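> make a model of this:
(2 chains)
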Amino acid sequence: MKQLLTGNQAIARGFYEGGGHLAASYPGSPTVEILESLKEYDEIYSEFSVNEKVALEVAMGASLYGARTMASMKHVGVNIAADPLMTFTQTEINGAFVLVSGDDPGMASSQNEQDNRIFGKFANMAVVYPGNSQEAKDYMKISLEISELIQIPILMDITSRVCHSRSIVEIMDRKEVKPKGFIPHREKYTMFPPHTFKAQHFMKDRLEKLREVAYDMPLNKLEEVEGSDTLIITSGLMYYNLKELGLDVSVYKLGLVYPLSEKRMRELADKYKHIIVIEEMMPFIQDELKLMGISSKGKEYFNFTGELHIEDIRNGLIKAGVIEGEEKTYQVVDTVKRPPMFCSGCPHRPVFDVLKKLKVKVIGDIGCYSISALEQWDVSQIMISMGATVGMTKGMNKVMRRFQDDEPLVSVIGDGTFFHSGMTGFVNLLHQVDDEDNMTFIILENSTTAMTGGQPNPSSGNFNKEDDMRVNIKKMLSSIGFDNVREVDQFNYKEVKKVIGEEVKKKGISIIIATRPCALRFKIKEKNFYVDPKICIACRTCVRTNCPPIRMKEYQGIDKLKSFIDPDMCVGCSVCSQVCPVGAIKRSL
Amino acid sequence: MINIMVAGVGGQGLVLATKIIAQAGMKAGYDVKTNDVVGLSQRGGMVWGSVRIGEEVNSPNIPVGEGDIILGMEPLESLRWSYLLKDGGKVIVNTKRTYPSSVILEKDRYPDEDIEELKDKYDVTLIDALKLAKEAGNIKAANTIMIGTLAKYLDISTSIWEEVLRDNVPKKAVEDNILAFYKGYYHGKKE
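Here you go, the predicted structure:
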């Protein structure tokens, strides 16, 4: 049977067909859908863990028991999981272990563009790199087998484009495998010296074994064209983009990008005059060739950042002299930009409206509220990585205190990010507390991990069963030892304004938990609001809350532009009516 | 090979629309590949989905200048992606505007003139999909109206479209969506 699947769905399907037992993940674009797709398979235990490190640890435990396991996360998530990963990969893998990393060349939805193929090599893992959904499924199944066969952890490095693109996949049955069980073995599983000495050799040996097999592994496809003096080495989606050009040139498509078969590469280098490597981001394959003493060209012609589309590959190959023709630069349409906006009815709107009016320094974090750093808001002035706001706010505040700068600092963090990696930062705040500090932490609690599509988090209940993990943030902070924790309903604009205003003025550590469920995730839709243009004074206070349905409009018979709310888009949150100074905005009946 | 670019605004349901078009192509016996953008832009930003239908499709990306049809769920977004089109390509536009932030804040003007000029270069069909969807009894079926209009230009039977819609929309909305599909399909024929 054939089905149209995204790369993410295909990975999930491959894991199911390959006899997978346990999968853990933390939601992050582009890999969110992998775990969501596993929901339909009862044979597999799956969970969105609290963060990537925990997800990896959950997968490690299952693998150690001999179960077939997968951990999936976005590329930067691997940084969070790096500590257990770097040591776990020293062990002799029992049950198959595949780590899926969703890389994001071009940064469609990420804070950086790191190339995790390098992470795979760094962690002594084999790296597979699929280019469409069928490959994503096949590579997953092959990875499960190889992982157990030579006891090696596998990194499936997949780009955001392949995660989200759909293509036709042949569906097969599941292969049932029984976990082998955990047999204690001190040297294999307790990772400290001297046990780790032997582990170094084991890691090297298993990669060498794979390097040998890589010579004629079906994952690597050699397509030779009679008379071609150039060989293009590529992988992933770039192979399919290259095929669009319909060239008469030899191509070596790598499904296994690490380790490479030195024997095969030498043979090819002897046979071909020119070797051109087409790869996105870093020159990983090119560097591997260089280590073998094989000269190739690649990054000279292809951009080090962003995706390599069909046009980029064509232009690069013209520069390289592989094809003739003129380089084409295409003109995109230069028109009005459309940056993301807080949704209609987003509970975060009042908090950022108040912060904007207060003109305070705000250190932000990762989530939907990252939107507050965009031009239309310009509220969050620093944004680095998950949970970083808490530590950064403390660090900045501590030096400010030493240099007599007593400006208040505000830190905002969402509930998902709070649980992910903000909690430890909060505990750390209590170390060397100074009554003269002035830090206000606002926790935006909307009961979901909203930006990635509304996954549950510890304040909203668990993945499969309702309400089995409802952690109360206020109680938690109180038991850590914070006295000044206030809760406020984000939709009570006056109260939000009053509480934030008071706490920003107050010295010491203030924590405000601003609550309201995400309008999008919980499909909130109440009677819409409308503007009475006769009362409206065109002050634009409502427009500045930057709500999608609100704009200025010409009304018949009225000279000035007046505010207008699109009734089809309004979900009735009432914030605009609360900021209106003259009561011109009313709820429809 | 037919290359279709679905263009719109985050929250308009483009991911589902892209999926429906691709599934119809597959059911009709073609090879299909799609792409779409997911992530932060879903929050009211620009979103798009590409669908390529043909005997054999390599890349899911539409090469610049080889687009056949833009299915524009919003006028500005139809304009934005028009550079992908072949000369004389088709643009099917839902006339309902969604204003971007800079227009709301009166820093930019909504580019009505540029959108109007698309007619000089391309075969433009305008549709008030929201109005037609309301007539079909479901305001959420605007995308299905658009898909119905698109279907006129594709070699895929209406029975396949019906089947795919049944598979993809909530049970209670099936009838409204099929009605919406035909409202889109026959749009213009009456006029």
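> please count neighbours and contacts with C-alpha atoms only from this point.
Fine.
> and A:L254, how far from A:N303?
20 Å (C-alpha to C-alpha, to the nearest Å).
> wait, isn't A:I158 in contact with A:P105?
No - taking contacts as C-alpha atoms under 8 Å, A:I158 lies outside contact range of A:P105: 10.2 Å.
> of the two, who's got more company?
Neighbours per residue (other C-alpha atoms under 10 Å in any protein chain shown) separate A:I158 from A:P105, with A:I158 holding more: 30 against 22.
> would you say the more buried one is within a helix?
No - under DSSP: H, G, I helix; E, B strand; the rest coil, A:I158 falls outside any helix and is assigned strand.
> in the sheet, who's paired with it?
Per DSSP bridges, the residues bridged to A:I158 are A:G102.
> what residues are up against it?
A:100-103, A:129-131, A:236 (C-alpha atoms under 8 Å, 6 or more residues apart in numbering or on different chains).
> what residues does A:D406 make contact with?
Contacts of A:D406 by C-alpha under 8 Å, 6+ apart are A:400, A:437-438.
> I would like the residues contacting the helix with the most length in chain A, please.
Secondary structure of chain A read by DSSP state H shows that its longest helix is helix A:195-213. Contact with helix A:195-213 is made by A:89-92, A:124-126, A:150-152, A:187-188, A:259-262, as judged by C-alpha under 8 Å, 6+ apart.
> who's in contact with the nearest residue to A:L64 once chain neighbours are set aside?
Leaving aside its chain neighbours, A:L64 sits nearest to A:N94 (5.6 Å; criterion: C-alpha to C-alpha, 6 or more residues apart in numbering or on different chains). Residues counted as contacts of A:N94 (C-alpha under 8 Å, 6+ apart) are A:63-67, A:148, A:151, A:180.
> could you rerun that using 10 Å?
A:60, A:62-68, A:147-153, A:179-183 (C-alpha atoms under 10 Å, 6 or more residues apart in numbering or on different chains).
> related to what we said a few turns ago, neighbour count winner among A:L254 and A:N303?
Using other C-alpha under 10 Å, the more surrounded residue of A:L254 and A:N303 is A:L254, with 25 against 18.
> for that one, what are phi and psi?
Main-chain torsions, A:L254, degrees, to the nearest 10: phi -90, psi 120.
> same thing with B:L76?
phi -60, psi -40.
> buried subset of the contacts of A:N94?
A:60, A:62-68, A:147-148, A:150-153, A:179 (16 or more other C-alpha atoms under 10 Å in any protein chain shown).
> thinking again about what came up before, buried ones in the helix or strand following the longest helix of chain A?
Counting by DSSP states H and E, the next helix or strand C-terminal to helix A:195-213 is strand A:221-223. Residues of strand A:221-223 classed as buried by neighbour count (16+ other C-alpha under 10 Å): A:L222.
> quick one: strands adjacent to strand A:221-223?
Going by DSSP bridges, the partners of strand A:221-223 are strand A:250-254 (antiparallel).
> can I get the partner strand in CSV, CA atoms only?
Backbone C-alpha positions of strand A:250-254 (Å, rounded to 0.1, in the frame of the first residue of the first chain) are rendered in CSV as follows:
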residue,chain,number,x,y,z
SER,A,250,28.2,11.1,-12.4
VAL,A,251,26.7,11.4,-9.0
TYR,A,252,27.5,9.7,-5.7
LYS,A,253,24.6,10.1,-3.3
LEU,A,254,25.5,9.4,0.3
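> strands - which of the contacts of A:N94 land there?
Secondary-structure check on the contacts of A:N94 using DSSP state E: no residue lies within strands.
> let me see the contact set for the residue of the stretch 101-250 of chain A found nearest chain B.
Using C-alpha to the nearest C-alpha, the closest approach of the stretch 101-250 of chain A to chain B is made by A:S165 at 4.2 Å. By C-alpha under 10 Å, 6+ apart, A:S165 lies in contact with A:4-8, A:131-133, B:33-37, B:49-51, B:59-61.
> let me know the pLDDT of it.
Looking at A:S165, its pLDDT is 96.
> average model confidence for the helix or strand hosting A:M396?
Using DSSP H and E, the element containing A:M396 is helix A:388-402. What helix A:388-402 shows for mean pLDDT is 97.
> cool, stretch B:4-17 as well?
pLDDT averaged over stretch B:4-17 gives 93.
> show the end-to-end separation of it, please.
11 Å.
> report the distance from that stretch to the chain centre.
7 Å (C-alpha atoms, centre = their mean, to the nearest Å).
> so is it next to chain A?
Yes - Stretch B:4-17 is in contact with chain A by C-alpha under 10 Å from any C-alpha of the partner chain, via B:9-11, B:15.
> in that stretch, what counts as buried?
Quick answer for stretch B:4-17 (16+ other C-alpha under 10 Å): B:4-15, B:17.
> low-confidence ranges, the stretch 451-589 of chain A, go.
A:461-468 (pLDDT under 70).
> just chain B next, same as before
Those would be B:38-41, B:189-191, if you go by pLDDT under 70 across chain B.
> picking that back up, among the contacts of A:D406, pick out the one closest to chain B, please.
Distances from chain B to those, taken by C-alpha to the nearest C-alpha, are shortest for A:N438, at 31.9 Å.
> looks to me like B:K33 is in a helix.
No - read with three-state DSSP, B:K33 is strand and lies in no helix.
> and for it, the neighbour number?
31.
> any idea how far it lies from chain A?
5 Å (C-alpha to the nearest C-alpha, to the nearest Å).
> quick check: beta-bridge partners of that residue?
Bridge pairing for B:K33 - DSSP bridges - gives A:S167, B:R52.
> how about it, what does it touch?
A:4-6, A:132-133, A:165-168, B:3, B:19, B:22-23, B:25-26, B:50-54, B:56-61.
> which among those residues count as buried?
Counted by 16+ other C-alpha under 10 Å, the contacts of B:K33 give A:4-6, A:132-133, A:165-168, B:3, B:19, B:22-23, B:25-26, B:50-54, B:57-61 as buried.
> in helices only, show me those.
Filtering the buried ones among the contacts of B:K33 for helices - DSSP H - leaves A:133, B:19, B:22-23, B:25-26.
> what is the most widely separated pair among these?
The most widely separated members of these, counting by C-alpha to C-alpha, are A:S133 and B:G25 (16.8 Å).
> about what we covered before: not counting sequence-adjacent ones, nearest residue to the residue of the stretch 101-250 of chain A closest to chain B?
B:N35 (4.2 Å).
> quick check, the one you found in contact with B:L16.
No - counting by C-alpha atoms under 10 Å, B:N35 does not reach B:L16; the two are 11.7 Å apart.
> intersection of neighbour lists for those two?
Joint contacts of B:N35 and B:L16 (C-alpha under 10 Å, 6+ apart) are B:G49.
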